[in-house]
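Colleague: Fold the following, please.
(3 chains)
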Amino acid sequence: MINDIWILATASLVAAACALVGVFLILRRQALMGDAISHSVLLGIVLAYLITDSRALPIMLGGAVIIGLLTAWLSDTLNRVGKLQNDASIGIVFTLFFAIGVILVSLYAGQIDLDQECVLYGEIAFIPFDTLHIGGGKNLDDGFEIGPRAFWAIAVVFIIVLISIIVAFNRLQTVAFHPKLALSLGINIVFWHYFLMTLVSMTTVASFDAVGAILVVALLVIPASSAYLIAKSLKAMLWSAVAYSQASVAIGYTLAYQLDSSISASIAVSAGILLCLTVALLEIKKQRQRATATAQ
Amino acid sequence: MEGFSLFPPPSFWENWLHFWRFEDMNVLWVLMGSVLLGMSASVIGGFAFLRKRALIGDALAHAALPGVMMAFLLFQTRDPLIIFIGALCSSFLGFFLIDWLPKNTKIKADAALAITLSFFFAIGLMLLSFIQGMDVNNKSGLDKILFGQAAAMTEGDIKLLGYVTIFILITVVLFFQKFRLIAFNQAYARTLGIAVNRYELLLALLIVMSVVVGLQLVGVVLMAAILLTPIAAARYWSNQLAHILIIASLLGALSALISTQISYLAPAMPTGPWMVVSLSVLFILSLLFAPQKGLIKQHLNYKRLRQKVAEENILRTLYKLHERHQFSRHHFTQADIQSFRSMPSSCLQSTLKKLNRQGLVQSSSQGTTLTQAGLKKATQLTRRHRLWENYLNEQAQLSPEQVHQHAERIEHILTDAQEVQLQQELRNSQQDPHGNQIPGATLSKEGGGKN
Amino acid sequence: MTNTHSKKFPPLSVNNLSMRYHHKPVLTDVSFEIPEGKTIAIVGPNGAGKSTLLKGIMGLEPIMDGEARFFGEPLTHKRLAIAYVPQREEIDWDFPINVFDVVLMGRHGQLKLWQRPSAIDREIAQHALEDLGMWDYKDRQISELSGGQQQRVFLARALAQKASLYLMDEPFAGVDVSTEKTIIELFKTLKAQGKTIICVHHDLNTVGEYFDWIIFINARLIAAGPVHTVLTKENLNKTYGGRLSLLNDLTETMYRTQLNKAHDQE
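Modeller: Sure thing, here's the model as predicted:
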């Protein structure tokens, strides 16, 4: 029972953090960058672990942010220097990073607590067994248990994301709305681009344990896209993206329970179903309006 | 693979020899299949790339996953053809969704791609986890299509792979002209009365087919790279589409060869990631070393140009010094040159050395002087500089203060023909806007007998 | 809002400005100065580099050579004294934002990262909207407006910035008659306050009526000056006639070979 609560709490924080960051990815038309970074982050995690032999949160976050920013920067450079289309340069960089990550995972499968499966799905069902302890020194079982590692990781990142958005709301809005206009107001758009990429990297790495490297893309883009369809202001979009993401967690968890399927995949599927429903409702509304317009 | 070491164990070489002796017929078949796949995917990816849909392969490969799982669930078989058809259907569904979303909702094209990709993939994974919880036979190899496993392919898989890739290659060759026209300019193709929609659909079908058939080998997650990276690399080697496509298919084949081998030598290794890594290495090599567009070649060109500019600038400075002394004094010191044109002494000395070697100047204890050939070249440069100043002044209405800097650069790239054209277009080719004489003697014959 | 030094320096001076798109030269060696408190039109055929000129001046697109100075100072010192109105096509109208928030954006440049718009900022934004007759629409999402209304919102945004120089990219393109009148009224008010307005303008029929000054552009500067002196048949012919092919070709070769960079490093 207590395990279910930890799983649900972790899943809903993951979904909420992804939804918030995803809103800006959608508005800035960088959904593919989100796709790319979530793949590359695998390499960051593996390298950070192999180099430092530690799974401490700051190290994982650091590795992921470095690789995430490197992905963004390399894609941009390849686009400029190699004169490649934007999406092509993104594709080349992230597939390479992800491939190296997978190879390292299979080479050191015995040493890293990772396998190809959890790269894909994450292992949210096992999250409650990997807990953090306060005090107690080297022996892990000593000290006071404060809950799953993955929960605290995403909790920290969620708070960082939330504070960033609250503090920098105006800047983020202006930069997303019209970068050139932001530039004409003296706002450093390059800084804010990489700032957003940093948030994406941190969110994906903190979500990694729970949902893996690829399903996180679904949580980044799908609730935010649903919100994009209905929201009339940025604040409304942020709120409704979070609402969509929480609904997906609730539905997905039930679905997984009923079908005995992967929890993370079910959550992502629910998010997709909610988007389909939203699109369908909007289409029906559009048809009705058209019908009344012709009737008049 | 515990304790990966730099030097492979002896059994590695035995296995390697075993691989290349084709003692196992299956090896040969897999090898041929993967080479064919590498070729067809690269070629068809080339058209996707030209249509500015470089990442379509990524989305379609992910979109195939639920089809595979659905087909298995419904028919409880791993017959390659049934799986293939299932994957084809769901991949096509994904293709239409990617098209439909941006056209009918506010959702933008990039988001539509990411949505389709992740949604379909999630459905596929959900079904896969569902199947793994079920009590059915031969479900064990299903998850291999996520990262690809050449060694796990069955004879049926390989046969299908062969048929489909050959079909794709033949179709591309047959319709090459039409595909090229549509990729180049769709609207123009339409005005020529080509049924663009039909060919677009055919192209889509080919893309979907090559993605789906490659899943066993490369895997869902990294299929994107097989369509994208070869063409991106090949583009640095040529400007002609036919050549680019051939090079791309060779690169694809080569990477398939490498990765299939690795998959046999280390059976725990997934094939897809190795194929991507070898393709990426080929891409980086192309980016650096390609003969015309490679970065190294470009850098060399640039350095050569800088050298030329430095040399010509000194020649022209010497000419101006001559002019200042009414061509009566012939030897000038480095300080004289530097008083006209500020440049570091080390650079000046090395450039003078090069000019000496070319016989354009002669340096002695008295200083530097222009040789006959050097004077001719310097005169030509000065003439071009001043003609261009005149042109800017007369035709572009730029003031004499503005024209100098532009002419400083253009003098290095004016051709003979352009020089003649300039002389003909200008009413005044005697003096530049600053009142300096334009030296014209050597070229006035071509200039139409002015002077 | 009065600058003590603005008597000495023109609101905008452009010196030897060159810009390119990939390797193609778009503008070559453009230089001009404009007087304060006038309305100025940038006129030229399609693809002449009018919008590019505006963007280069605003630092939105890279400049190859030359510089723009505002009141004698570089852009970074004077950023907030210059308001820019982008072309209507360049804006993402699906963006979830309402009219009032767009106008309030004009005030963000003055605010620190953590600051929220104050009551004064809101009042300024309200006045700007009222001046353009758009206050009633303040809660609409921007995609729910007509073309003319959308243009007014962006003019209000520029107005809220309280700038002394306004750069507008085709404000009259595709707007209705009443919006056109409103814009003209706005020009008059701004001029009365001593502000300067530069617009990219397409319509040769109205240019003499709406503007005090004209800058003729076609890949290079053709002429710049008061309407009555430069609006001549000769200048029009030069502007709408062909380009200088030699200038065009050689400048392109220069960019392609990176000669300009090679030369500057010597």
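
Colleague: now the strands for the stretch 101-250 of chain A?
Modeller: Counting by DSSP state E, counting those that start in this stretch, the stretch 101-250 of chain A has strands at residues A:131-134, A:144-148.

Colleague: Go through those strands and find the least confident stretch.
Modeller: Looking at the strands of the stretch 101-250 of chain A, the lowest mean pLDDT belongs to strand A:131-134 (a mean of 70).

Colleague: neighbours around residue A:81, how many?
Modeller: 12 (other Cβ atoms under 10 Å in any protein chain shown). The way it works is simple: take the backbone N, C-alpha and C, and place the C-beta from them, glycine included.

Colleague: er, residue B:271 actually
Modeller: Neighbours around residue B:271, by other Cβ under 10 Å: 29.

Colleague: quick one: pLDDT of it?
Modeller: Residue B:271 is given a pLDDT of 80.

Colleague: Surely it is in contact with residue B:215?
Modeller: No - with contact defined as Cβ atoms under 8 Å, residue B:271 does not reach residue B:215; the gap is 11.0 Å.

Colleague: distance of residue A:57 from residue C:194?
Modeller: Using Cβ to Cβ, to the nearest Å, we find residue A:57 at a distance of 58 Å from residue C:194.

Colleague: quick one, which of these two is more surrounded?
Modeller: residue A:57 (17 against 14).

Colleague: residues touching the more buried one, list them.
Modeller: By Cβ atoms under 8 Å, 6 or more residues apart in numbering or on different chains, the contact list for residue A:57 reads A:149, A:152-153, A:156.

Colleague: Residue C:39 pairs with what?
Modeller: residue C:197 (DSSP bridges).

Colleague: Could you give the number of residues near it?
Modeller: Applying other Cβ under 10 Å, I find that residue C:39 has 21 neighbouring residues.

Colleague: same check, this time on residue A:132
Modeller: For residue A:132, using other Cβ under 10 Å, the count is 17.

Colleague: Work out for me the element the residue nearest to residue B:340 when sequence neighbours are not counted sits within.
Modeller: Excluding the flanking residues, the one nearest residue B:340 by Cβ to Cβ, 6 or more residues apart in numbering or on different chains is residue B:317, at 4.8 Å. Assigned by DSSP states H and E, residue B:317 falls within helix B:295-324.

Colleague: what mean pLDDT does that helix have?
Modeller: Here the average pLDDT along helix B:295-324 is 89.

Colleague: what packs against that helix?
Modeller: helix B:271-289, helix B:334-340, helix B:345-357, strand B:361-364, strand B:367-370, helix B:372-395, helix C:259-265 (3 or more Cβ pairs under 8 Å, 6 or more residues apart in numbering or on different chains; DSSP states H and E).

Colleague: What are the buried residues along it?
Modeller: By neighbour count on 16 or more other Cβ atoms under 10 Å in any protein chain shown, the buried set for helix B:295-324 is B:302, B:305-306, B:309-322.

Colleague: now the helices and strands packed on helix B:295-324 as TSV including distance to residue B:219?
Modeller: Output for the helices and strands packed on helix B:295-324, formatted as TSV (distance: least, Cβ to Cβ, whole Å):
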stretch	distance to residue B:219
helix B:271-289	4
helix B:334-340	65
helix B:345-357	55
strand B:361-364	65
strand B:367-370	67
helix B:372-395	59
helix C:259-265	44
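
Colleague: how many neighbours does residue B:155 have?
Modeller: By the other Cβ under 10 Å criterion, the neighbourhood of residue B:155 contains 12 residues.

Colleague: In contact with it, which residues?
Modeller: With Cβ under 8 Å, 6+ apart, residue B:155 has these contacts: B:26, B:29.

Colleague: pLDDT wise, what is it at?
Modeller: pLDDT for residue B:155: 81.

Colleague: now it: how far from residue B:28?
Modeller: Counting by Cβ to Cβ, the separation of residue B:155 from residue B:28 is 12 Å.

Colleague: And residue A:66, by the same measure?
Modeller: 44 Å.

Colleague: same check, this time on residue A:74
Modeller: 38 Å.

Colleague: Of these two, which one has the most company?
Modeller: Each of residue A:74 and residue B:28 has its neighbours counted (other Cβ under 10 Å); residue A:74 has more, 19 against 14.

Colleague: So that one belongs to a helix, correct?
Modeller: Yes - membership of residue A:74 in a helix is supported by DSSP: H, G, I helix; E, B strand; the rest coil.

Colleague: Quick check: it vs residue B:165, distance?
Modeller: Taken as Cβ to Cβ, the span from residue A:74 to residue B:165 is 32 Å.

Colleague: How about residue C:54?
Modeller: 53 Å.

Colleague: and what of residue B:367?
Modeller: On the measure of Cβ to Cβ, residue B:367 and residue B:165 end up 72 Å apart.

Colleague: Ok, residue B:194 next?
Modeller: For residue B:194, the distance to residue B:165 - Cβ to Cβ - is 26 Å.

Colleague: Show me which of these two is the more surrounded one.
Modeller: When neighbours are counted by other Cβ under 10 Å, residue B:165 comes out ahead of the other of residue B:194 and residue B:165, with 26 against 16.

Colleague: dump the residue contacts of the more buried one.
Modeller: Applying Cβ under 8 Å, 6+ apart, we find residue B:165 in contact with B:33, B:36-37, B:39-40, B:210, B:213.

Colleague: quick one: residue B:213 and residue B:161 touch, right?
Modeller: Yes - contact between residue B:213 and residue B:161 holds when scored by Cβ under 8 Å: they sit 5.3 Å apart.

Colleague: what sits in contact with each of these two?
Modeller: Here residue B:213 and residue B:161 share the contacting residues residue B:37, scored by Cβ under 8 Å, 6+ apart.

Colleague: Compare neighbour counts for the two and give me the winner.
Modeller: Neighbours were counted for residue B:213 and for residue B:161 using other Cβ under 10 Å; residue B:213 has more, 29 against 25.
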